[in-house]
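>>> here is my input; please provide its structure:
(chains A and B, ligands or ions: 2)
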Amino acid sequence: MPYLLLLPGMLWLIIFFILPLVNLAETSTKTRAASQETGEFIQTWRFANYLDAFKEYQPQFTRSFIYALLATLLALAIAYPLAYAIAFKSGKYKNILLILVIAPFFTSFLLRTIAWKQILGAEGPVVFVLRSLHLIGPDTTITATSFAVVMGMTYNFLPFMTLPIYASLDRIDPRLLEASGDLYSNGVTTFRKVTFPLSMPGVVAGTLLTFIPAAGDYVNAAILGNPTTKMIGNVIDSRFFRIVDYPTAAALSFTLMATILILVTIYIRRSGTDELV
Amino acid sequence: MVDMASSATGDLNLRNITKSFGDFVAVDDLTLTIPKGSFFALLGPSGCGKTTTLRMIAGLEEPTSGSISIGESDITHTKPYKRPVNTVFQNYALFPHLTIFENVAFGLRRRGQKDVKDAVEKVLSLVELGHLKDRKPGQLSGGQQQRIAVARAIVNRPALLLLDEPLGALDLKLRRQMQIELKWIQTEVGITFVHVTHDQEEAMTMADTIAVMNKGRIEQMGSPVELYENPETVFVANFLGQSNLIEGHVQSDSGAETSVDVHGSRILLPSSRNRGKEQKVLVGVRPEKINIHTSSTSAGKNALEGGVVTDISFVGVSTQYQVEMPWKQEIMVFEQNDGGAPNIRKGDRVTLTWEPHFTFALSPES
Ligand SMILES: Nc1ncnc2c1ncn2[C@@H]1O[C@H](COP(=O)(O)OP(=O)(O)OP(=O)(O)O)[C@@H](O)[C@H]1O
Ligand SMILES: [Mg+2]
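Ligands and ions are numbered 1, 2, ... in the order given. Next comes the predicted model:
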């Protein structure tokens, strides 16, 4: 009887997750017959599609993971102090600060990324300040660089990093910090030995919530990048919708998914958080 | 830090400590000295300021005014991690991410002590939980967690150990056993224990000195026997054991003996046991000090006549009588079941007698 309660969920999963996945897997081994029109493929179980796709787009793959890793690290560096301050130091402003963290969600992801193009643009404030300080030359620009892409991703995924870290910090019983002080730890040691380990579930969740979508992202590279900063998401996008090469796009999607899955598994194992929750 | 923890020893002195939270005064002008090596109990009802007092000694709360020192060194503004003080928290506060072993080793590691393993294993066997050292606190019962909290504190051999109701979660049997163990540990390691409790029996059996606290103030301080036999305030008389308190008026005071008129009867007591300041006093006597008679014999004793037995309950070692006096007050009487007890039934008219030196008198306002 209790299994009946699982039914709606199972149906949802089968219709919207399992079936498309099976379909994608099936598409990935198809080939285009010469006689056929664009968009028509026949199933030939050609697993070499994977090898060909990977060989051709290996640079974009590598770039995706490097950008995603950089954005994740940057977001962590910004989000952790922010979450810490909100959880422990904000007093009565806690709720206002939390709302400010999620406030960007009220406008579209796309619009905000386009706005960054303006902000980082040749006429924008960032370039102006940097030029006035002579940190960059008069002809240097920031948009259409890998720097802009990583910045854009860092910005866009910051709330996904901040909120889980905040949640796990906020859950820490302040009496544990007192106990640590009582047992001869100063502030720094208490942070290293108590606060940080107890916030690990939030750090792991935040880094996953940032890294996974960042690795597959294409909006930031499309809007803030240039042809040499293309990520795997951009390739899949153009294979699917512009060139209409479904098998290659499907093979790339699967490879991306598998790589992320492997990386995430290794990460979770190594951070030892299964026991923490 | 190591030096600090071992060098600052001596009596703990609290001088005129006050702690306010906004308008609310949680601890009010508290002054007390806790001798080095003693087992000191802070006893009082919930919310009277016991935990707040401990937190100020531990450095987790800054006093609004007053000073705290251990021996010669003033620690009023010393950071908690630099104080030679460890706390067993009311809610244990064990680190959930560390094993039991690492929880106990925490303080030793912070001070860079050698032989951590030996010290931890020794203290774990002292609390009989050595076999659980690889578990996490979440996998322990409440009572086991409490014992780990004690172990985690005493392993550091602090000058002063603060225990905030450390036995609250234990069942009666384990509680008695832990009381004996704690007392034994205290004599064994010779460190000063400040034990907070609201269980008067626990305080009486364990402590050398008890301070009874009420509404942020110390009502009375002394040995368990002193507090029980010679309470100075109504609060203490009722909080430690049971007392019969009867209104009366002081008639005369010879300096050695005071005579009080209690609803027409003359009650005598040693003048030193009269804490009243005015003519109107409350005369007190403990239920087990009273004898109950069916005839009116009162040679050389204090006696109250005309009582009617309204309830009798047999509790094994003793029988408890409830006697209604002519002025409608119920008096409790405990008689030992040693064969000498009279055969009394409900509704009998009785006379109550006791020795004058068991009598005490209190100020009604106290
Ligand atoms: N941080 C605080 N802010 C405001 N009031 C507080 C604070 N801490 C304690 N109090 C108040 O001070 C009083 C004393 O509290 P305390 O915790 O010392 O009581 P306690 O004697 O330990 O009681 P219990 O036996 O229930 O543990 C209580 O009335 C409590 O509400
Ligand atoms: Mg308390």
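
>>> residues near the closest residue to ligand 1 within the stretch 151-277 of chain A, how many?
Closest contact between the stretch 151-277 of chain A and ligand 1, by Cβ to the nearest ligand atom, is at A:P174 (10.9 Å). (Each C-beta comes from the backbone N, C-alpha and C, glycine too.) Neighbour count for A:P174, taken as other Cβ atoms under 10 Å in any protein chain shown: 9.

>>> ok, now the one 3 residues further on?
The burial metric for A:L177, expressed as a neighbour count using other Cβ under 10 Å, is 20.

>>> could you do A:L82 as well?
For A:L82, the neighbour count with other Cβ under 10 Å is 17.

>>> which residue is the nearest non-sequential neighbour of it?
Distances taken as Cβ to Cβ, 6 or more residues apart in numbering or on different chains place A:T162 nearest to A:L82, at 5.6 Å, with adjacent residues excluded.

>>> for A:G181, helix, strand, or coil?
helix (DSSP: H, G, I helix; E, B strand; the rest coil).

>>> sorry, back to before: so how far is chain B from the residue of the stretch 151-277 of chain A closest to ligand 1?
10 Å (Cβ to the nearest Cβ, to the nearest Å).

>>> model confidence score at A:T27, please.
pLDDT for A:T27: 91.

>>> and what of A:L120?
If you check A:L120, the pLDDT there is 88.

>>> and B:S298, by the same measure?
Predicted confidence (pLDDT) at B:S298: the value is 62.

>>> with B:A5 instead?
pLDDT for B:A5: 42.

>>> now swap in A:M1 and tell me
A:M1 is given a pLDDT of 67.

>>> the longest helix in chain A is where?
In chain A, assigned by DSSP state H, the helix with the most residues is helix A:48-84.

>>> contacts for the very next helix or strand once past that one?
Remark: after helix A:48-84, the chain's next helix or strand is helix A:94-102, criterion DSSP states H and E. By Cβ atoms under 8 Å, 6 or more residues apart in numbering or on different chains, the surrounding residues in contact with helix A:94-102 are A:82, A:85-87, A:90, A:158-159, A:162-163, A:166.

>>> now with 6 Å, please.
A:86, A:90, A:159, A:162 (Cβ atoms under 6 Å, 6 or more residues apart in numbering or on different chains).

>>> show me where pLDDT drops low in the chain?
Assuming you mean chain A. Filtered on pLDDT under 70, chain A yields the residue ranges A:1, A:36, A:273-277.

>>> oops, chain B please
Along chain B, the model assigns pLDDT under 70 to residues B:1-8, B:297-299, B:340-342.

>>> circling back: buried set for the longest helix of chain A?
Using 16 or more other Cβ atoms under 10 Å in any protein chain shown as the burial criterion, the residues of helix A:48-84 that qualify are A:49-50, A:53, A:57, A:60-61, A:63-65, A:67-72, A:74-76, A:79-80, A:82-84.

>>> packing partners for it?
If you count contacts as 3 or more Cβ pairs under 6 Å, 6 or more residues apart in numbering or on different chains; DSSP states H and E, helix A:48-84 packs onto helix A:146-170, helix A:196-216, helix A:232-237, helix A:246-271.

>>> tilt between it and helix A:196-216?
For helix A:48-84 against helix A:196-216, the angle between stretch directions is 140 degrees (axes from the mean of the first three to the mean of the last three Cα atoms, to 10 degrees).

>>> count of residues packed around B:D171?
Taking other Cβ under 10 Å as the neighbour definition, B:D171 ends up with a count of 10.

>>> wait, which of the helices and strands packed on helix A:48-84 is closest to A:F41?
Nearest to A:F41 among the helices and strands packed on helix A:48-84 is helix A:246-271; the distance by Cβ to Cβ comes to 6.1 Å.

>>> that older thread, quick one: which of the contacts of helix A:94-102 is most hemmed in?
Going by other Cβ under 10 Å, A:T162 tops these with 25 neighbours.

>>> residues contacting B:H293?
Taking Cβ under 6 Å, 6+ apart as the criterion, B:H293 is in contact with B:T351.

>>> which bits of chain B sit near ligand 1?
For chain B, the contact set with ligand 1 under Cβ under 6 Å from any ligand atom comprises B:21, B:24, B:26, B:44, B:46-52, B:198.

>>> which positions in stretch B:329-346 come out as buried?
For stretch B:329-346, the neighbour count (16+ other Cβ under 10 Å) marks B:331-335, B:344 as buried.

>>> stretch B:39-59 now?
So for stretch B:39-59, counting by 16+ other Cβ under 10 Å, buried means B:39-44, B:48-59.

>>> list the contacts for the residue nearest to A:A222 when sequence neighbours are not counted?
If the residues on either side of it in the chain are set aside, A:A222 comes closest to A:N234, at 6.0 Å by Cβ to Cβ, 6+ apart. For A:N234, the contacting residues are A:218, A:221-222, by Cβ under 6 Å, 6+ apart.

>>> among those residues, who's most crowded?
Within the contacts of A:N234, most neighbours by other Cβ under 10 Å means A:A221, with 27 neighbours.

>>> which bits of chain A sit near chain B?
Counting by Cβ under 6 Å from any Cβ of the partner chain, the positions of chain A adjacent to chain B are A:175-176, A:178-179, A:181-186, A:197-198.

>>> what does the closest residue to B:C48 other than its chain neighbours show for phi and psi?
Spatial nearest neighbour of B:C48, excluding adjacent residues (Cβ to Cβ, 6+ apart): B:M213 at 4.8 Å. In terms of degrees, to the nearest 10, the main-chain angles of B:M213 are phi -110, psi 140.

>>> measure how buried B:M213 is and give me the count.
26.

>>> how close does it get to chain A?
Going from B:M213 to chain A by Cβ to the nearest Cβ gives 22 Å.

>>> who's in contact with that residue?
B:42, B:44, B:48.

>>> give me the beta-bridge partners of B:L352?
Beta bridges link B:L352 to B:I292, B:L304, judged by DSSP bridges.

>>> burial measure for it, as a count.
B:L352 has 24 neighbours, counted by other Cβ under 10 Å.
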